[in-house]
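1. Any chance you can model this:
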Amino acid sequence: MVVMKRARNVLAVKDLDASVAFYRDMLGFAIDVKYEGWCFLNRDSVYVMLGHCPDEMPASRINDHSYFAYVEVQGIDDLHAEFLNRGLTSISSAETKSWGMREFMVTTPDGHRIMFGEDTD
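-> Below is the predicted model:
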């Protein structure tokens with residue numbers, strides 16, 4: 001039987017140290033391992049691999065294509081408050097949507113966008 005065990009989002013970042021600090025300090029991720037030009041981080045079962053790509057176009061320039069993850073959570077309002085308490089400013093308000101999710105969006109320093117949501121049904 002085939003089982004997909006885990007997904008890791010692979011992201012190109014201009015400044016690896018700044019991006020690692022953002023994920024660690026603002027979003028509460030832990031560093032799994034760091035290699036030359038790479039850092040692998042996780043929080044619970046969400047995994048990211050950040051690759052240092054200083055010459056690539058930043059995600060902020062690809063508009064709606066900069067969304068890379070929709071993270072379903074338990075405790076959406078507590079997570080939103082946690083991020084605000086950490087000093088995160090690139091965050092939208094939490095809103096209940098007509099499709100039965102309460103959501104907010106975070107934008108990383110490179111312009112990658114993450115949507116966090118919780119089922120309201």
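
2. residue ranges for the helices of this structure, please.
-> 16-21, 76-85 (DSSP state H).

3. Looking at these, which is nearest to Ile62?
-> With CB to CB as the measure, helix 16-21 is the member of the helices of the chain nearest Ile62 (16.6 Å). For the C-beta atoms, the positions are set from N, CA and C on the backbone; glycine is no exception.

4. in the closest one, what counts as buried?
-> Leu16, Ser19, Val20 (16 or more other CB atoms under 10 Å).

5. Quick one: mean pLDDT for it?
-> The pLDDT scores in helix 16-21 average 97.

6. List of residues touching that helix?
-> 11, 13, 31, 34, 37-39, 41, 50-52, 108-110 (CB atoms under 8 Å, 6 or more residues apart in numbering).

7. Would you mind checking these for buried ones?
-> For those, buried by 16+ other CB under 10 Å: Leu11, Val13, Cys39, Leu41, Leu50, His52, Thr108, Pro109, Asp110.

8. Could you dump those residues into a markdown table and include pLDDT?
-> Formatted as a markdown table, these follow (pLDDT from 0 to 100):
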| residue | pLDDT |
| --- | --- |
| Leu11 | 94 |
| Val13 | 96 |
| Cys39 | 98 |
| Leu41 | 98 |
| Leu50 | 97 |
| His52 | 97 |
| Thr108 | 95 |
| Pro109 | 93 |
| Asp110 | 93 |
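
9. just the angle between the lowest-mean-pLDDT helix or strand in the chain and helix 76-85, please?
-> In the chain, the helix or strand scored least confidently by mean pLDDT, DSSP states H and E is strand 67-72, which has a mean of 91. Relative orientation of strand 67-72 and helix 76-85, computed by axes from the mean of the first three to the mean of the last three CA atoms, to 10 degrees: 130 degrees.

10. in strand 67-72, what counts as buried?
-> Val71.

11. Could you list the residues in contact with it?
-> Contacts for strand 67-72 (CB under 8 Å, 6+ apart): Asn9, Leu11, Val46, Ala59, His112, Arg113, Ile114, Met115, Phe116, Gly117, Glu118, Asp119.

12. Farthest pair within these?
-> That would be Ala59 and Asp119, which, of those, are the farthest apart (CB to CB) at 27.1 Å.
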